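> task: produce atomic coordinates for the following.
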Amino acid sequence: MASRLPSNLTLNAATRALATLRDRGVAVIDLTESNPTRVGLRYPRDLLAPLSDPASLLYDPQPLGLPTAREAVSQDFERRGLAVPTERIGLTASTSEAYSLLFKLLCDAGDSVLVPRPSYPLFEHLTVLESVVAKPYRLDHHGAWRIDFDDLESSIDDGTRAVLVVSPNNPTGSFLPEHDLEALARLCGSRDLMLIGDEVFADYRLERTVVPTSVLRATDVLTCSLGGLSKSVGLPQLKLGWIAFGGPASRVAPLMASYEIVADSYLSVSTPVQVALPWLFDRGASIRAQIQSRLERNLESLRQAVREVPTISALEVEGGWSAVLKVPSFRTEEQLVLSLLADDHVLVHPGYFFDFEHEAYLVISLIVEPGVFDRGVARILARAAQPDQTG
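Have a look, this model is predicted:
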């Protein structure tokens, strides 16, 4: 087996415990659920009708994607107040594939990219598969999560090719503020680094006083913004994402010429979803609105419940689909997660799954159906607030 593949494929304790419960037919409240198609949202009955458009029978391989589909993405950026020319957009089968293509474009084997910590653990897997090193930089929490620039700068070396930011971050829910974007742009410009913005959750703002920004607003350095149907309209099964490139024209043009060679080697996006894309953006707006309403409802319910338990706090969340609970350290995160599974039949993520530096944190999804969400939260608060009685 290739060395880039994991050497240890053993299931972790929580996964084994979950499998045992499900084999026994025990109903588990899954507060890690992030699949929008499984949380009771109402999808328009005609939503997928354009996938059978006869235009899909014509195969017209375009490395960057069909012009009509890329124009639809450009118009969707306009909805968010961003002007992105069609010629600066490339379609991919997913955000994960977008990362893979970008790492191929920017990095040789052994080069590095800087990734935030805490954040989603997928980055480690994606970089290893491309023989690239993911070097973490710290996000500090002082009421809100912000970049530790001293730590970030100390992580840069001669092999560093890009800085990756996630806005809003998964799972901390923190948006990239404008002053941090300005500092990142100066840093990337001085070190000739690309600034990659994972903005898949950008549509979902939960703190109205926060003004989200996009890496594409840093016009003096090379940037790219990643998004996709999975989050923007709740359609992960249609497998379409995008990369929008930004920066000075003199630098973007040769970069995109090279990117086109990489994309042309795969041609991974199916024709039907590209043909349907304008329709999916239009009809999918109702799904996005439902998700936003669900997030706001569950977050408010969580905050109200936590107010009744002084030893537990819900960290501030500015956007995204997750919430973070800070709980007492009566037991380790793993012990608490396993106890919630075995005794309360509730599944949550431990903080260490996302590389939180300290214990004890739990991460839960905010898109779960409201009744299920409330029952799960009640069980978490009852269990986490009580000292471990087993010792």
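
> tell me where the model's unsure across the chain.
For the chain, the stretches flagged by pLDDT under 70 are 389-391.

> what about 50?
391 (pLDDT under 50).

> biggest helix in it, by residue count?
helix 271-307 (DSSP state H).

> contacts only, for residue 140.
146, 147, 148 (C-beta atoms under 8 Å, 6 or more residues apart in numbering). Backbone N, C-alpha and C define where each C-beta goes, glycine included.

> go with 10 Å
Taking C-beta atoms under 10 Å, 6 or more residues apart in numbering, we find residue 140 in contact with 146, 147, 148, 149, 151, 357.

> my guess is residue 336 meets residue 352, correct?
No - applying C-beta atoms under 10 Å, one finds residue 336 not in contact with residue 352, separated by 11.3 Å.

> please enumerate the shared neighbours of the two.
Joint contacts of residue 336 and residue 352 (C-beta under 10 Å, 6+ apart) are 359, 360.

> more neighbours, those two?
residue 336 (23 against 18; other C-beta atoms under 10 Å).

> how about the helices in the stretch 1-150 of the chain?
13-23, 67-79, 95-106, 122-129, 149-155 (DSSP state H, counting those that start in this stretch).

> just name the most buried of these.
Ranked by mean neighbour count under mean count of other C-beta atoms under 10 Å, the helices of the stretch 1-150 of the chain are led by helix 95-106, which reaches a mean of 22.

> just the CA coordinates of it, formatted as PDB?
Extracted C-alpha coordinates of helix 95-106, given in PDB (Å, rounded to 0.1, in the frame of the first residue of the first chain):
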ATOM      1  CA  THR A  95     -14.800  21.100  -2.700                       C
ATOM      2  CA  SER A  96     -12.500  18.100  -1.800                       C
ATOM      3  CA  GLU A  97     -11.700  17.700  -5.500                       C
ATOM      4  CA  ALA A  98     -11.100  21.500  -5.700                       C
ATOM      5  CA  TYR A  99      -8.400  21.200  -3.000                       C
ATOM      6  CA  SER A 100      -6.800  18.200  -4.800                       C
ATOM      7  CA  LEU A 101      -6.600  20.200  -8.000                       C
ATOM      8  CA  LEU A 102      -5.200  23.200  -6.300                       C
ATOM      9  CA  PHE A 103      -2.600  21.200  -4.400                       C
ATOM     10  CA  LYS A 104      -1.500  19.700  -7.800                       C
ATOM     11  CA  LEU A 105      -1.400  23.200  -9.300                       C
ATOM     12  CA  LEU A 106       0.600  24.900  -6.500                       C
END
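
> residue 275: how many residues sit nearby?
Count around residue 275 with other C-beta under 10 Å applied: 22.

> same question for residue 222.
Neighbours of residue 222 (other C-beta under 10 Å): 22.

> hmm, residue 89 and residue 63 touching each other?
No - assessed by C-beta under 10 Å, residue 63 is found out of contact with residue 89, at 11.9 Å.

> export the helices of the stretch 1-150 of the chain to CSV and tack on distance to residue 380?
Formatted as CSV, those follow (distance: least, C-beta to C-beta, whole Å):
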stretch, distance to residue 380
helix 13-23, 14
helix 67-79, 36
helix 95-106, 29
helix 122-129, 25
helix 149-155, 31
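
> ok, which of the ones you listed comes nearest residue 172?
Residue 172 lies closest to helix 122-129 among the helices of the stretch 1-150 of the chain, at 14.5 Å (C-beta to C-beta).

> pretty sure residue 227 sits in a strand.
Yes - counting by DSSP: H, G, I helix; E, B strand; the rest coil, residue 227 falls inside a strand.

> go ahead and confirm residue 92 touches residue 104.
No - with contact defined as C-beta under 10 Å, residue 92 does not reach residue 104; the gap is 12.0 Å.
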